[in-house]
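J.: make a model of this:
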Amino acid sequence: MQDIQNYIAENEPRFLEELFSLIRIPSISAHPERKPDIERCAERWKELLLEAGADTVEVMPSDGNPLVYGEKHVSDDAPTVLVYAHYDVMPAEPLELWHSKPFEPEVREDRIWARGADDDKGQSFIQVKAFEYLVRHNLLRHNVKFIFEGEEEIGSPSLAAFLERHRDLLKCDVILVSDTSMLAPDLPSLTTGLRGLAYWEIEVTGPNRDLHSGHFGGAVANPALVLCEMLAKIVDERGRITIPHFYDDVEELSAEERAMIAAIPFDEEAYKRSIDVDAVRGEEGYSTIERNACRPSFDICGIWSGYQGEGSKTVLPSKAYAKVSCRLVPHQQHEKIQQLFTDYITKMAPDCVRVKVTPMHGGEGYVCPITLPAYKAAEEGFIQAFGKRPLAVRRGGSIPIISDFERVLGVKTVLMGFGLERNAIHSPNENFSLDIFRKGIAAVVGFHLNYQG
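T.: Reported below is the predicted structural model:
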């Protein structure tokens, strides 16, 4: 490991400048006006992959944003690892909460501060620099392919169709992804499961225009109140989701798995302090770790209505809106849940308002067997870089395309992530530890050196 550590130390200024050249591009997939930045970021990744040692790289069109495909061919007889990542990022708002400009990366306290520092430009850069080291030292013994997309943060709407069209191009033996997290800096972990996702927008309409709240208040239904009443009924006092048949396909945790989860080091008091809450809350009968990784959930992601400017304006609003989501567990199909939710809300709505439910993006959950040879190789990489065996944990987040990879390409994915909870992904002041960045490169090198296919 000393050789890779020396290589990282010698090249770190270059590594950071290359990474910063990506971060400075505001490749926000949620904002259509950023399309030129999306394309610019794809082209920059093409340059960096070629410089790292890929034989060929091309920016390929899709039904939405372009994808970057690259490959390094070693032998027809060797296995192939497909590295997946995404180059799009979340919007940076609210900008006033950032301590530095989100797209002008800064290094403070041995951390990189910027949007995309972790999710996913920093983590995907770990993969590419590990690949660079292996190529330049003639240590790569298998083929490597890269597929970097620009729509993950909006649910990868174009990638499944791209996979279908390019099955042969993307043929591989295993997929490697760095877009997940570890339990703590001194508690490396490998993600063995992800929750799925279903997402909707709800529109509630009452009168045909905003009304004077003095003239009409108390006589006409207020869409904002009705929306809140409906949403409040979706989770009961036990923390259970009330949608009929919602739990039909939920697999209960075995006693053995619950015992493994209970053995994971977890300081609930520190957890509460880190997010500044006095108490946790969720489904009765389950621990915090079980709730946020192995059980389904419902959340209101955004809600708005009426006047929101400075001062007061006494109106009864015409419309109210909410964006809501469910995190799903393996075996729950997001299309089925989307329809169950739509039917439930539509039936629940009183006749004093009109309700429109629009399903948005979603995806299935995923489980990786810990007996997979590639999983074992990732374990060895962590041991060599972090000095201890990583824990096997399920995570509460979603990467919808992972289940599509298995469905379309017929291969498993190893989730070898290096993020931390404190990295504030999707939030102001996203950051990434340089120490973890360095160890991450060494760990991925270890994966490739130990992977036999």
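
J.: how is Glu257 assigned, secondary-structure-wise?
T.: Three states are possible here, and by DSSP: H, G, I helix; E, B strand; the rest coil the one that applies to Glu257 is helix.

J.: can you count the residues close to it?
T.: 14 (other CB atoms under 10 Å). The way it works is simple: take the backbone N, C-alpha and C, and place the C-beta from them, glycine included.

J.: kindly report the same for Phe298.
T.: Neighbours of Phe298 (other CB under 10 Å): 19.

J.: before we move on, what about Ala30?
T.: The number of residues near Ala30, taken as other CB under 10 Å, comes to 12.

J.: state the pLDDT value of it.
T.: Ala30 carries a pLDDT value of 97.

J.: how about the secondary structure of it?
T.: On the basis of three-state DSSP, Ala30 is classed as coil.

J.: do I have it right that it meets Met90?
T.: Yes - counting by CB atoms under 8 Å, Met90 is a contact partner of Ala30 at 7.2 Å.

J.: residues that sit against both of those two, list them.
T.: Common neighbours of Ala30 and Met90 (criterion: CB atoms under 8 Å, 6 or more residues apart in numbering): Glu153.

J.: put the alpha carbons of stretch 129-149 into CSV.
T.: Taking Å, rounded to 0.1, in the frame of the first residue of the first chain, the C-alpha atoms of stretch 129-149 are listed here in CSV:
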residue,chain,number,x,y,z
LYS,A,129,-7.6,8.0,-9.8
ALA,A,130,-7.4,4.4,-8.6
PHE,A,131,-7.8,3.3,-12.2
GLU,A,132,-5.1,5.8,-13.3
TYR,A,133,-2.6,4.4,-10.8
LEU,A,134,-3.3,0.8,-11.9
VAL,A,135,-2.8,1.6,-15.6
ARG,A,136,0.3,3.7,-15.1
HIS,A,137,1.9,0.9,-13.0
ASN,A,138,0.8,-1.9,-15.3
LEU,A,139,-1.2,-3.5,-12.5
LEU,A,140,-4.6,-3.8,-14.2
ARG,A,141,-5.4,-7.5,-14.8
HIS,A,142,-9.0,-7.2,-16.0
ASN,A,143,-11.1,-5.0,-18.3
VAL,A,144,-12.7,-1.8,-17.0
LYS,A,145,-15.6,0.1,-18.5
PHE,A,146,-17.0,3.4,-17.3
ILE,A,147,-20.6,4.7,-17.6
PHE,A,148,-21.2,8.2,-16.1
GLU,A,149,-24.6,9.7,-16.4
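
J.: what are the buried residues along that stretch?
T.: 129-135, 140, 142-149 (16 or more other CB atoms under 10 Å).

J.: among those, which ones are in helices?
T.: Those of the buried residues of stretch 129-149 mapping onto helices are 129-135, per DSSP state H.

J.: may I ask which two of the residues you listed are separated the most?
T.: The most widely separated members of these, counting by CB to CB, are Lys129 and Val135 (10.7 Å).

J.: who are the contact partners of Asp3?
T.: Contacts of Asp3 by CB under 8 Å, 6+ apart are His137.

J.: identify each buried residue in the helix or strand of the chain with the lowest mean pLDDT, please.
T.: Of all helical and strand segments in the chain, the minimum by mean pLDDT, DSSP states H and E falls on helix 255-262, at a mean of 87. Within helix 255-262, the residues that qualify as buried are 258, 261, counting by 16+ other CB under 10 Å.

J.: what does stretch 178-193 give?
T.: Within stretch 178-193, the residues that count as buried by 16+ other CB under 10 Å are 178-184, 187-193.

J.: nearest to Lys388, of the residues you listed?
T.: Nearest to Lys388 out of these is Pro188 (CB to CB; 6.5 Å).

J.: show me what contacts the closest one?
T.: Neighbours of Pro188 in contact, by CB under 8 Å, 6+ apart: 182, 382, 386, 388, 390-391, 443.

J.: return a ChimeraX selection command for the buried portion of the residues you listed.
T.: A single ChimeraX command selects the buried members of these (16+ other CB under 10 Å):
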select :182,382,386,390,391,443
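
J.: let's see which of the contacts of Pro188 end up in strands.
T.: Judged by DSSP state E, these include Leu391 as members of strands.

J.: and the contacts of Pro188, which two are furthest apart?
T.: Taking CB to CB, no two of the contacts of Pro188 sit farther apart than Leu391 and Ala443, at 14.2 Å.

J.: so Tyr84: helix, strand or coil?
T.: Here Tyr84 is recorded as strand under three-state DSSP.

J.: thanks again, I'm all set now.
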